[in-house]
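Engineer: For reference, the sequence and a predicted model appear below.
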Amino acid sequence: MFIQVIQGRVTDPAALKARLDRWQTEVGPGATGWLGATGGVTDKGVFVGVVRFASEEDARRNSDRPEQSAWWEETSKLFSGDVTFHDCPDVETHTGGGSDDAGFVQVIQGRVTDVERMRRMGREMDAQVRQFRPDVIGSTTALHGDGGFTETVYFTSEAEARAGEGKELPAELRQAFEESMAIMEDVAYFDLRDPWLRSPK
């Protein structure tokens, strides 16, 4: 899987959502290898989009299409300031990946000091998370290639996610969580309370 992360500040979320709807109906059908997209705008007006393709080659071919360029030229006008892109051919999926059934999505970004340890710990924690946090539908972790990462976590609802956060972790899971946080730096959280979830029709 290949993931492209898109971020920027917007002043009219409804207009951006309409443009994304238009992409799915007019541009998306010709996008070979497009697997789906997760997006939304935080309370502070920051849009985060996580677009999934089967491969980097599929994503490149889509970017080179004239209709994609025309769509982005108009859509980019809805952003105030710079738009940041992270192209991530290195992707980890956990607890089944993501789901269009999520009622709440949290995007976590930061830097990791030990990528291989992050991979190993994520895989080891999968079964425990699945058992202890049924509100977590799944997640993806896209590695930026420079130590940065974007983790997208899908929850059944925000209320259930907050309740899950308040639960006391079992000793083994707590230790694993603390170890994983110890290798992360500059961590930021983006709450998408109204997630825009799309997949090919």
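Structural biologist: Received, thanks. Just so it is clear, the model here is predicted, and its values are computed rather than measured.

Engineer: got a list of what Val41 touches?
Structural biologist: 10, 13, 16, 47, 192, 194 (CB atoms under 8 Å, 6 or more residues apart in numbering). No exception for glycine: its C-beta is placed from N, CA and C like everyone else's.

Engineer: Please report how far it lies from Arg119.
Structural biologist: Separation of Val41 from Arg119 (CB to CB, to the nearest Å): 30 Å.

Engineer: how many other residues sit next to the closest residue to Val115 other than its chain neighbours?
Structural biologist: Of all residues beyond its chain neighbours, the one nearest Val115 is Leu143 (6.5 Å), with distances taken as CB to CB, 6 or more residues apart in numbering. Residue neighbour count, defined by other CB atoms under 10 Å, stands at 21 for Leu143.

Engineer: Is it correct that Leu143 is in contact with Phe149?
Structural biologist: Yes: using CB atoms under 8 Å as the test, Leu143 is close enough to Phe149 to be in contact (5.3 Å).

Engineer: Please identify the longest helix in the chain, counting by residues.
Structural biologist: Of all the elements of type helix in the chain, the one with the most residues (DSSP state H) is helix 115-132.

Engineer: residues in contact with the helix or strand that comes right after that one?
Structural biologist: Proceeding N to C from helix 115-132, the next assigned helix or strand is strand 136-143, under DSSP states H and E. Residues external to strand 136-143 that are found in contact with it (CB under 8 Å, 6+ apart): 1, 3, 5, 50, 52, 86, 88, 90-99, 101-102, 115, 118, 122, 129-130, 149-156, 161, 164.

Engineer: mind running it again at 7 Å?
Structural biologist: 3, 5, 86, 88, 90-99, 101-102, 115, 122, 129, 149-156 (CB atoms under 7 Å, 6 or more residues apart in numbering).

Engineer: What distance do you get for the residue located most distally from the centre of the chain to Asp135?
Structural biologist: The centre of the chain is farthest from one residue, Ala171, which by CA atoms, centre = their mean lies 28.4 Å away. Ala171 sits at a distance of 21 Å from Asp135 (criterion: CB to CB).

Engineer: Then Thr93?
Structural biologist: The span separating Thr93 from Asp135 equals 18 Å under the rule CB to CB.

Engineer: The chain: helices as residue ranges?
Structural biologist: 13-22, 56-63, 66-75, 115-132, 158-165, 171-182.

Engineer: between the ones you listed, which gets nearest to Lys201?
Structural biologist: helix 13-22 (11.9 Å; CB to CB).

Engineer: can you list contacts of that closest one?
Structural biologist: 10, 39, 41, 47, 75, 78, 196.

Engineer: just stretch 94-113 next, same as before
Structural biologist: With CB under 7 Å, 6+ apart as the test, stretch 94-113 has contacts from 38, 40, 48, 118, 122, 126, 129-130, 136-140, 147-158, 161, 183-193, 195, 197, 199.

Engineer: Narrow the contacts of helix 13-22 to those in strands?
Structural biologist: Among these, the members falling in strands are 39, 41, 47, 196 (criterion: DSSP state E).

Engineer: burial measure for Met1, as a count.
Structural biologist: The burial count assigned to Met1 is 18, neighbours taken as other CB under 10 Å.
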